[in-house]
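In: based on what follows, work out the 3D shape:
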Amino acid sequence: MATRDAADQRKPATLDVRTTVNGTIWPGIPGPFVSQLLAMQAQFEAAQWLSSAEILARQMPQLGRLLAHAYDTTAFYRRRLDAVGLSPEQVRGPDQWRRLPLLTRADMQQHQSELISCAVPDAHGPHSQLFTSGSTGRPVMVIGTGVTQLFWNCCTLRDHLWHRRAPGGTLAAIRSLPAGQAPAPDGVTAEDWGPATRGIVHTGPSHTLNISSTVDEQAVWLQQRAPDYLLTYPSNLAALIQHSQAHGWRLPSLREARTFGELLDPRVRRACRRAWNVAVVDMYSSQEVGYIALQCPETENYHVQAENVLVEVVDEQGRACEPGEVGRVVVTALHNFATPLVRYDIGDYAEVGEACPCGRGLPTLRRIMGRARNMAVLPDGRRRWPAVELAGTTDLAEFPPIHQFQLVQRNLSLMEMLLVVHRRLTAMEEDRLRGWVITAVGHPFEVKFIYVDAIPRSPLGKFEDFRCEVETPALEGLNDA
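Out: Down below sits the predicted model:
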């Protein structure tokens, strides 16, 4: 089944709650974790139909709580609010909110310890470290909590429900993982789709393959797994489509391709429909703040997950952009009381959308101009997605501060890594970093380090954390005619 008919799309999504009480089958009586998810999901269902003004009115008290906590328990925000003459109690609406300075990646690098709360409420649950280079090539670390993970699971479940995914289907994910995890040719298999659905719906299995595998290896793996749903990065999806067109294979059971982590070019959407007869559903998220926006189930707009984040799109003067205008994405994570992220300039650009015809009041983004990614080209002509982001690894945590980096493949034998640092790395540090690069790209290239003062964005405002200068079949090569 490759597509859904109109009647199927109108059917409400259903939950099949697993009971925890002996002797009951239907309706299922959930356990504590599932009860939290279901209670949150009921609130999500109601909140999405509020007007944008009503949603903002719900966000402002939460922002007040977050700001008061940040002021009381972090040196950074206390100093920052005092500098602009504001107390948390004075921030009562958007006008006062926009007086708060933006939080930059440089701030997070230079003041990391001062940004971490000294008094995280016990009810927020266990803490976890999150490492990311995001869309700017500037590595940062934040602390997440059980609450931020709960919101991640809630948004994941909402995405499944919005797009009416058949839970009995098989999910295949090709994504960045630490070296050695889920390697080709087999990857790893789990019995379900993960904690967001566990105990709520009976799903099929999920299969995961490390993105370090070559496109050839991924193609064989996918044909063997025959998934109903495929989750991967847009650039990797484009490479798989090109490979399938060149070698004549398809995925007849595939219902939907899901993408995340990069800029999704509209040509990839069209090519996927033509090559495999399935739609692409995109999402916008980051390690630091979780889900930012999910694609509307009825249009290609992106709905901001306003229960999880406040998103502002601002111009170069800091003014709020109007629908149709492109500006910088500024995000506030509403529920992270471990590392408060208040007016965080995440490094992406987006176009503000009009009110969505689906009727949801959640704010919309029409386009997201985030990170662009090329594929690395191996000497034998095979292509590989370079896993150069820091999510899932702490390998660089012990290095001297690397403020920004960009990896550039100059030819079939040479990689150059542009580095913005306070001081040059030692020979031992360079050797260690060189090993990390070789692992990330999956081939023993020659690696040279180039120390620079800054790494600019492209003319379109995108930051490319990896750039390939070797001529390869371009995106225009997709069968998109």
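In: quick one: low-confidence ranges for this structure?
Out: 1-14, 133-138, 371-374, 389-400, 457-463, 472-481 (pLDDT under 70).
In: now the element after the lengthiest helix in it, going C-ward?
Out: Looking across the chain with DSSP state H, the single longest helix is helix 52-73. The helix or strand immediately downstream of helix 52-73 is helix 75-83, counting by DSSP states H and E.
In: and for residue 22, the neighbour number?
Out: 6 (other Cβ atoms under 10 Å). Backbone N, C-alpha and C define where each C-beta goes, glycine included.
In: how much space between it and residue 82?
Out: 58 Å (Cβ to Cβ, to the nearest Å).
In: cool, residue 194 as well?
Out: Distance from residue 194 to residue 82, by Cβ to Cβ: 43 Å.
In: mind checking how far residue 218 is from residue 174?
Out: Distance of residue 218 to residue 174, given as Cβ to Cβ: 6 Å.
In: mutual contacts of those two, please.
Out: 209, 236 (Cβ atoms under 8 Å, 6 or more residues apart in numbering).
In: residue 101 touches residue 343, doesn't it?
Out: Yes: if you go by Cβ atoms under 8 Å, residue 101 and residue 343 touch, sitting 7.1 Å apart.
In: name the residue in the two with the higher neighbour count.
Out: It is residue 343, of residue 101 and residue 343, that has more neighbours when counted by other Cβ under 10 Å, with 20 against 14.
In: so the more buried one touches residue 99, yeah?
Out: No: under the criterion of Cβ under 8 Å, residue 343 is not in contact with residue 99, lying 10.0 Å apart.
In: chain center to the one helix or strand residue 311 maps to, what's the gap?
Out: Using DSSP H and E, residue 311 maps to strand 309-314. Taking Cα atoms, centre = their mean, to the nearest Å, one finds the center of strand 309-314 at 16 Å from the center of the full chain.
In: the helix or strand just after it to strand 309-314, inter-axis angle?
Out: Counting by DSSP H and E, the element after strand 309-314 in chain order, helix or strand, is strand 326-333. Angle of strand 326-333 versus strand 309-314, following axes from the mean of the first three to the mean of the last three Cα atoms, to 10 degrees, is 160 degrees.
In: quick check: neighbours of strand 326-333 in the sheet, parallel or antiparallel?
Out: strand 309-314 (antiparallel), strand 344-352 (antiparallel) (DSSP bridges).
In: can you put those strands in a markdown table and add distance to residue 425 and mean neighbour count?
Out: Shown next, in a markdown table, are the strands paired with strand 326-333 (distance: least, Cβ to Cβ, whole Å; neighbours: other Cβ atoms under 10 Å):
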| stretch | distance to residue 425 | mean neighbour count |
| --- | --- | --- |
| strand 309-314 | 35 | 22 |
| strand 344-352 | 24 | 22 |
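In: now render these as a markdown table, adding distance to residue 441.
Out: What follows is the strands paired with strand 326-333, written out as a markdown table (distance: least, Cβ to Cβ, whole Å):
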| stretch | distance to residue 441 |
| --- | --- |
| strand 309-314 | 32 |
| strand 344-352 | 22 |
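In: out of the ones you listed, which comes closest to residue 122?
Out: strand 309-314 (23.8 Å; Cβ to Cβ).
In: give me the angle between that closest one and helix 52-73.
Out: Going by the same axes, to 10 degrees, strand 309-314 makes 100 degrees with helix 52-73.
In: for the stretch 151-300 of the chain, what spans make up the helices?
Out: Applying DSSP state H, counting those that start in this stretch to the stretch 151-300 of the chain gives helices spanning 215-225, 234-247, 266-276.
In: out of those, nearest to residue 424?
Out: The nearest among those, by Cβ to Cβ, is helix 234-247 at 31.7 Å.
In: buried sites along that closest one?
Out: Residues of helix 234-247 classed as buried under the neighbour-count rule (16 or more other Cβ atoms under 10 Å) are 234-245.
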